[in-house]
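Visitor: predicted structure and sequence below. I'll ask about it afterward.
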Amino acid sequence: MARITLGSDHAGFRLKEALIVHLKGAGHDIDDIGTHSEEPVDYPPICAAAARAVVAGRADFAIVLGGSGQGETLVANKVRGVRAALCHDEYTARLARQHNDANVLGLGGRILGEGLAAAIVDAFLAAEFEGGRHARRVAQIAEIEAEEAAG
(Lines give C-alpha, C1' and ligand atoms only; values in the text may rest on other atoms or scores of the structure.)
Protein backbone atom coordinates (compact mmCIF):
# COMPACT_ATOMS: atom_id res chain seq x y z
CA MET A 1 0.00 0.00 0.00
CA ALA A 2 1.07 3.57 -0.60
CA ARG A 3 1.82 6.52 1.66
CA ILE A 4 -0.31 9.37 0.35
CA THR A 5 -0.39 13.02 1.42
CA LEU A 6 -3.58 14.93 0.67
CA GLY A 7 -3.96 18.70 0.61
CA SER A 8 -6.86 20.86 -0.47
CA ASP A 9 -8.38 24.26 -0.30
CA HIS A 10 -11.93 24.88 0.91
CA ALA A 11 -13.45 23.98 -2.48
CA GLY A 12 -11.77 20.58 -2.46
CA PHE A 13 -12.41 19.85 1.22
CA ARG A 14 -15.49 17.63 0.85
CA LEU A 15 -13.97 15.53 -1.90
CA LYS A 16 -10.73 15.22 0.08
CA GLU A 17 -12.67 13.91 3.07
CA ALA A 18 -14.46 11.32 0.91
CA LEU A 19 -11.18 10.21 -0.66
CA ILE A 20 -9.54 9.80 2.74
CA VAL A 21 -12.26 7.33 3.73
CA HIS A 22 -11.86 5.51 0.40
CA LEU A 23 -8.07 5.36 0.61
CA LYS A 24 -7.96 4.27 4.25
CA GLY A 25 -10.49 1.57 3.39
CA ALA A 26 -8.08 0.32 0.74
CA GLY A 27 -5.28 0.15 3.32
CA HIS A 28 -3.27 3.20 2.32
CA ASP A 29 -1.37 5.30 4.86
CA ILE A 30 -2.84 8.81 4.74
CA ASP A 31 -1.41 12.16 5.81
CA ASP A 32 -4.11 14.85 5.64
CA ILE A 33 -2.37 18.23 5.74
CA GLY A 34 -5.55 20.26 5.38
CA THR A 35 -7.49 22.29 4.97
CA HIS A 36 -9.85 20.94 7.60
CA SER A 37 -13.04 22.89 6.83
CA GLU A 38 -14.88 24.76 4.13
CA GLU A 39 -13.67 28.12 5.46
CA PRO A 40 -11.88 30.00 2.66
CA VAL A 41 -8.14 29.41 2.61
CA ASP A 42 -5.29 30.06 0.18
CA TYR A 43 -4.20 26.81 -1.45
CA PRO A 44 -0.57 27.52 -2.48
CA PRO A 45 1.12 26.73 0.88
CA ILE A 46 -0.97 23.60 1.39
CA CYS A 47 -0.38 22.18 -2.07
CA ALA A 48 3.32 23.02 -2.00
CA ALA A 49 3.59 21.17 1.33
CA ALA A 50 1.86 18.12 -0.15
CA ALA A 51 4.22 18.13 -3.13
CA ARG A 52 7.26 18.59 -0.87
CA ALA A 53 6.22 15.51 1.14
CA VAL A 54 6.68 13.43 -2.02
CA VAL A 55 10.05 14.95 -2.89
CA ALA A 56 11.26 14.52 0.70
CA GLY A 57 10.25 10.85 0.69
CA ARG A 58 7.59 11.19 3.39
CA ALA A 59 4.94 10.16 0.84
CA ASP A 60 4.89 7.99 -2.24
CA PHE A 61 2.26 10.21 -3.85
CA ALA A 62 0.26 13.34 -3.13
CA ILE A 63 -3.24 14.35 -4.12
CA VAL A 64 -4.07 18.04 -4.32
CA LEU A 65 -7.64 19.24 -4.59
CA GLY A 66 -9.44 22.49 -5.24
CA GLY A 67 -12.51 23.69 -7.08
CA SER A 68 -11.11 22.88 -10.51
CA GLY A 69 -7.76 21.48 -9.37
CA GLN A 70 -5.94 23.75 -11.83
CA GLY A 71 -4.23 26.10 -9.40
CA GLU A 72 -3.42 23.31 -6.98
CA THR A 73 -1.74 21.29 -9.74
CA LEU A 74 0.17 24.36 -10.93
CA VAL A 75 1.50 24.96 -7.43
CA ALA A 76 2.56 21.33 -7.02
CA ASN A 77 4.48 21.53 -10.30
CA LYS A 78 6.51 24.44 -8.95
CA VAL A 79 8.17 22.06 -6.48
CA ARG A 80 11.33 20.68 -8.02
CA GLY A 81 11.02 16.94 -8.62
CA VAL A 82 7.24 16.91 -8.83
CA ARG A 83 5.33 15.80 -11.88
CA ALA A 84 1.73 16.71 -11.11
CA ALA A 85 -1.14 15.83 -13.43
CA LEU A 86 -4.66 17.24 -13.35
CA CYS A 87 -6.97 14.37 -14.25
CA HIS A 88 -10.70 14.24 -14.90
CA ASP A 89 -10.99 10.60 -15.93
CA GLU A 90 -9.38 7.21 -15.35
CA TYR A 91 -7.64 7.16 -18.74
CA THR A 92 -5.65 10.35 -18.17
CA ALA A 93 -4.83 9.25 -14.62
CA ARG A 94 -3.46 5.95 -15.86
CA LEU A 95 -1.43 7.61 -18.61
CA ALA A 96 -0.08 10.22 -16.21
CA ARG A 97 1.58 7.40 -14.28
CA GLN A 98 2.47 5.13 -17.20
CA HIS A 99 3.93 7.77 -19.52
CA ASN A 100 4.86 10.71 -17.32
CA ASP A 101 5.73 9.02 -14.01
CA ALA A 102 3.41 11.50 -12.29
CA ASN A 103 3.82 11.56 -8.53
CA VAL A 104 1.09 14.09 -7.68
CA LEU A 105 -2.55 13.90 -8.76
CA GLY A 106 -4.69 17.02 -9.08
CA LEU A 107 -8.48 16.78 -8.78
CA GLY A 108 -11.35 19.26 -8.96
CA GLY A 109 -13.90 19.05 -6.18
CA ARG A 110 -16.41 21.11 -8.15
CA ILE A 111 -15.96 18.99 -11.25
CA LEU A 112 -15.85 15.38 -10.04
CA GLY A 113 -18.31 13.31 -8.08
CA GLU A 114 -17.01 11.08 -5.30
CA GLY A 115 -17.38 7.85 -7.26
CA LEU A 116 -15.51 9.07 -10.32
CA ALA A 117 -12.83 10.70 -8.17
CA ALA A 118 -12.27 7.43 -6.31
CA ALA A 119 -11.99 5.57 -9.63
CA ILE A 120 -9.47 8.15 -10.90
CA VAL A 121 -7.39 7.80 -7.74
CA ASP A 122 -7.50 4.01 -7.98
CA ALA A 123 -6.41 4.09 -11.64
CA PHE A 124 -3.57 6.49 -10.81
CA LEU A 125 -2.31 4.36 -7.92
CA ALA A 126 -2.64 1.05 -9.81
CA ALA A 127 -0.68 2.20 -12.85
CA GLU A 128 3.08 1.87 -13.05
CA PHE A 129 5.62 3.90 -15.00
CA GLU A 130 6.42 2.06 -18.23
CA GLY A 131 9.93 3.45 -18.64
CA GLY A 132 11.41 2.87 -22.11
CA ARG A 133 10.89 5.83 -24.44
CA HIS A 134 8.95 7.55 -21.67
CA ALA A 135 11.98 7.50 -19.34
CA ARG A 136 13.94 9.55 -21.86
CA ARG A 137 11.17 12.15 -21.95
CA VAL A 138 10.80 12.30 -18.17
CA ALA A 139 14.57 12.81 -17.96
CA GLN A 140 14.26 15.70 -20.43
CA ILE A 141 11.60 17.26 -18.22
CA ALA A 142 13.98 17.00 -15.26
CA GLU A 143 16.76 18.60 -17.32
CA ILE A 144 14.54 21.55 -18.22
CA GLU A 145 13.53 21.89 -14.61
CA ALA A 146 17.18 21.92 -13.50
CA GLU A 147 18.05 24.53 -16.15
CA GLU A 148 15.23 26.79 -14.98
CA ALA A 149 16.18 26.35 -11.32
CA ALA A 150 19.80 27.28 -12.08
CA GLY A 151 18.94 30.34 -14.14
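Guide: Received, thanks. The structure presented is a predicted model; accordingly, all values stated were derived computationally and were not measured.
Visitor: okay, and the beta partners of the spatially closest residue to Asn77 that is not a sequence neighbour?
Guide: The shortest distance from Asn77 to any non-neighbouring residue, by CB to CB, 6 or more residues apart in numbering, is to Ala84 (4.8 Å). Heads up, the C-betas are built off the backbone N, CA and C, glycines and all. Counting by DSSP bridges, Ala84 forms beta bridges with Val104.
Visitor: which outside residues touch the lowest-mean-pLDDT helix or strand in the chain?
Guide: When the helices and strands of the chain are scored by mean pLDDT, DSSP states H and E, helix 133-150 comes last with a mean of 96. Applying CB atoms under 8 Å, 6 or more residues apart in numbering, the contact partners of helix 133-150 are Arg80, Gly81, Arg83, Gln98, His99, Asn100, Asp101, Phe129.
Visitor: contact partners for Asp29?
Guide: So Asp29 contacts Met1, Ala2, Arg3, Ile4 (CB under 8 Å, 6+ apart).
Visitor: also Phe13?
Guide: Contacts of Phe13 by CB under 8 Å, 6+ apart are Thr35, His36, Ser37, Glu38, Leu65, Gly109.
Visitor: what residues sit buried inside the helix or strand it falls within?
Guide: Following DSSP states H and E, one finds Phe13 within helix 13-25. Residues of helix 13-25 classed as buried by neighbour count (16 or more other CB atoms under 10 Å): Phe13, Leu15, Lys16, Glu17, Ala18, Leu19, Ile20, His22, Leu23.
Visitor: now swap in stretch 116-127 and tell me
Guide: For stretch 116-127, the buried set under the neighbour-count rule, 16+ other CB under 10 Å, comprises Ala117, Ala118, Ala119, Ile120, Val121, Asp122, Ala123, Phe124, Leu125, Ala127.
Visitor: likewise for stretch 36-50?
Guide: Applying 16+ other CB under 10 Å to stretch 36-50 flags Val41, Tyr43, Ile46, Cys47, Ala48, Ala49, Ala50 as buried.
Visitor: circling back: can you tell me which of the buried residues of stretch 116-127 are in helices?
Guide: Using DSSP state H, the subset of the buried residues of stretch 116-127 located in helices is Ala117, Ala118, Ala119, Ile120, Val121, Asp122, Ala123, Phe124, Leu125.
Visitor: picking up where we left off before, moving C-terminal of the helix holding Phe13, what's the next helix or strand?
Guide: With elements assigned by DSSP H and E, the helix or strand that comes after helix 13-25 is strand 29-32.
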